[in-house]
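> Here's a sequence, model it:
(one chain, ligands or ions: 1)
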Amino acid sequence: MNLSELLGSDRIRAAEWTISEQRLVIEEVLGLVMVDQILREQESLSQEQIEKLLTIAARSRRGEPVAYILGVVYFDGLRLSVTSDVLIPRLDTEMLVAVASASIPRERAIQVHDMCTGSGAVALALKSRHPKCEMSASDICRQAIACARANAVSLKIDVQFRQADLFDGMGMFDLVTANPPYVAWGDPEVEAAVKRYEPELAVFSAANGLALIEQLLTDALNHVRSGGILCLEHGHRQAHDVYLMASDLGWQIITTYQDLAGRDRVTRMHKP
Ligand SMILES: C[S@@+](CC[C@H](N)C(=O)[O-])C[C@H]1O[C@@H](n2cnc3c(N)ncnc32)[C@H](O)[C@@H]1O
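Numbering: from 1, shown residues only. The predicted model follows:
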């Protein structure tokens, strides 16, 4: 059986992979990059290769995310390892990277901290785009920090990671980024796979999803230098609440950015 025939079979189609998931699975299992997946689709597969692909398809069909099955995901062009202790970095979060990246000057080295770093996705993406900046990152979860450190080592990107509850024991930064947990407990829109497979600590927060965001907005005032910036990802219905909390606390020049679907996803603010 060749790749083209296997991909057309009922057992693979039942996995309902997106095009990018299918490409990633084939790349990881067969070692074929995208162009080879097309050029070599008529070559015979070994029985072992067929079995591996069918096993992954069966796990996918039961709802397990492809990134957790393979232990790999691409984020902002970086190949990251992920474990069940970290949130799978989302395409949406590249928006946070883009907004933060536009806030980093090219000409001087600034201190940047990524809060709630999980797999290290945002910190590693920013440091690879801005090698001059001094990049650190933290997470409350010890296993997440281990995953982030392993990613930094395999990508050869210099980021200082530490385990901490929010800003505990930290100094001052010019720019802080964060994609905190912001989904309300019991939110009926949360996908079954997220509830079943992703860490609760990474997804949910009290007070309608706003508890950790409010704590972050409050604490960051003591850890962002005057004139510095905080960039925050949030739920697409939370922008107004974020704006009100941030302005009440004294943050200035508060701007919300929309994703390609026009939904409010990232808010940037300045410390006076
Ligand atoms: C939504 S995930 C974001 C992960 C990563 N930044 C990303 O975008 O893929 C939120 C992360 O916040 C961490 N977290 C939750 N509560 C925290 C706290 N009090 N202090 C620091 N990190 C926390 C979780 O462990 C989780 O890794």
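> Residue of the chain closest to the ligand, please.
residue 118 (2.6 Å; CB to the nearest ligand atom). Glycine gets a C-beta too; all of them are placed from N, C-alpha and C.
> Let me know the secondary structure of the one residue sitting closest to the centre of the chain.
When CA atoms, centre = their mean is applied to the chain, the residue found nearest the centroid is residue 89 (2.5 Å). Three-state call for residue 89 (DSSP: H, G, I helix; E, B strand; the rest coil): coil.
> Isn't it up against residue 117?
No - with contacts counted by CB atoms under 8 Å, residue 89 stays clear of residue 117, the gap being 10.2 Å.
> What residues of the lowest-mean-pLDDT helix or strand in the chain count as buried?
Comparing helices and strands within the chain by mean pLDDT, DSSP states H and E singles out helix 34-39 as the least confident, with a mean of 82. Going by neighbour count (16 or more other CB atoms under 10 Å), the buried part of helix 34-39 is residue 37.
> can you check stretch 197-216 too?
The neighbour-count check on stretch 197-216 (16+ other CB under 10 Å) flags 197-199, 201-205, 208-216 as buried.
> before we move on, back to that, residue contacts, the residue of the chain closest to the ligand?
With contact set as CB atoms under 8 Å, 6 or more residues apart in numbering, residue 118 has these partners: 86, 87, 89, 139, 141, 144, 147, 148, 179, 202.
> Just put these in CSV and tack on pLDDT and secondary structure.
Written out in CSV, the entries for those read as follows (pLDDT from 0 to 100; DSSP: H, G, I helix; E, B strand; the rest coil):
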residue, pLDDT, secondary structure
86, 98, coil
87, 98, coil
89, 98, coil
139, 98, strand
141, 98, coil
144, 98, helix
147, 98, helix
148, 98, helix
179, 98, coil
202, 97, helix
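> And those, which of them are buried?
Using 16+ other CB under 10 Å, the buried ones in those are 86, 87, 89, 139, 141, 144, 147, 148, 179, 202.
> Closest one of those to residue 163?
The shortest separation between residue 163 and any of these is 6.6 Å, and it belongs to residue 139 (by CB to CB).
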